[in-house]
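S.K.: how does the following fold in three dimensions:
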Amino acid sequence: MSSALFDPHALFHVSEEPGIAEFRPRPPPSPDAGVKEDAVWAIDHVHLPNYLTPRDCPRVTYGRGPQTTDVDAARFLTGTAGRIVTIEHAWLDALISTPIYVYVFDPGTSWRALSNGAGYFVSEETERPVDCIRVDRPDHAILAHGSELRVRANLWNLIDLVASSSLEFSIIRKRNAQPRWSG
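M.R.: Below you'll find the model as predicted:
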């Protein structure tokens with residue numbers, strides 16, 4: 001696995017599309033993204049494991065943040081993993097078999113950090129990656145990055161628990177999750 005994936009100073013963009021030579025600013029993905037202008041999005045090294053999945057894979061990712069209580073850390077975090085990435089069982093085959101491409105950016109001066117603690121950076125300029133790494137086994141990349149991969153039949157109970165905790169978390173592609181179980 002390329003050492004560029006582990007560069008703590010680099011910024012990253014993950015895609016299922018190979019060969020992107022430049023990233024041009026686009027409208028924000030949602031009105032609550034915290035960005036009003038067109039931008040190129042990237043993620044920092046700490047939060048990269050949150051995105052080492054196929055794009056549409058629903059996932060709950062979390063780890064210790066500055067506000068995390070010892071009680072929540074003991075309840076949700078086990079072992080030595082820095083981050084937990086939880087996907088639905090229905091997505092496991094796709095995670096194992098879908099190659100992804102991790103584009104690496106020099107953080108330079110055009111990038112600015114968003115202040116939401118999720119590791120997002122944006123640039124209003126066209127950005128050219130300094131490297132592109134094909135990752136054939138995203139599950140291995142998650143583990144190699146020091147994160148723990150968990151698989152559940154349904155994410156909704158975990159979504160509810162994590163969202164009401166003191167953890168630093170991201171719930172990504174929730175709209176693609178299996179329906180909430182009733183009963």
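S.K.: how close does the spatially most central residue of the chain sit to residue 42?
M.R.: Among the residues of the chain, the one closest to the centroid is residue 50, at 2.3 Å (CA atoms, centre = their mean). In this view, residue 50 and residue 42 are 13 Å apart by CB to CB, to the nearest Å. All C-beta spots, glycine's among them, are computed from the backbone N, C-alpha and C.
S.K.: from residue 2, how far out is residue 33?
M.R.: For residue 33, the distance to residue 2 - CB to CB - is 29 Å.
S.K.: same question but for residue 173, I mixed them up
M.R.: As judged by CB to CB, residue 173 and residue 2 stand 25 Å apart.
S.K.: can you check residue 42 too?
M.R.: Taking CB to CB, one finds residue 42 at 17 Å from residue 2.
S.K.: helices of the protein, start to end?
M.R.: 70-76, 92-97, 138-144, 156-163 (DSSP state H).
S.K.: residues of the first one that come out buried?
M.R.: To tie it back to what came earlier, the one meant is helix 70-76. Applying a neighbour-count criterion of 16 or more other CB atoms under 10 Å, the buried positions in helix 70-76 are 72-73, 76.
S.K.: let me see the mean pLDDT of that helix.
M.R.: Taken as a whole, helix 70-76 has an average pLDDT of 93.
S.K.: give the residue spans of the protein that score low on pLDDT.
M.R.: Residue ranges of the chain with pLDDT under 70: 1, 115-116, 182-183.
S.K.: try it again at 90.
M.R.: 1-9, 28-36, 65-66, 78-82, 107-109, 114-119, 180-183 (pLDDT under 90).
S.K.: can you map out the strands along it?
M.R.: 11-15, 40-44, 59-63, 83-88, 100-105, 112-113, 120-123, 131-135, 147-152, 168-172 (DSSP state E).
S.K.: dump these to a markdown table, plus distance to residue 25.
M.R.: Below are these laid out as a markdown table (distance: least, CB to CB, whole Å):
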| stretch | distance to residue 25 |
| --- | --- |
| strand 11-15 | 13 |
| strand 40-44 | 5 |
| strand 59-63 | 25 |
| strand 83-88 | 28 |
| strand 100-105 | 14 |
| strand 112-113 | 13 |
| strand 120-123 | 7 |
| strand 131-135 | 19 |
| strand 147-152 | 29 |
| strand 168-172 | 21 |
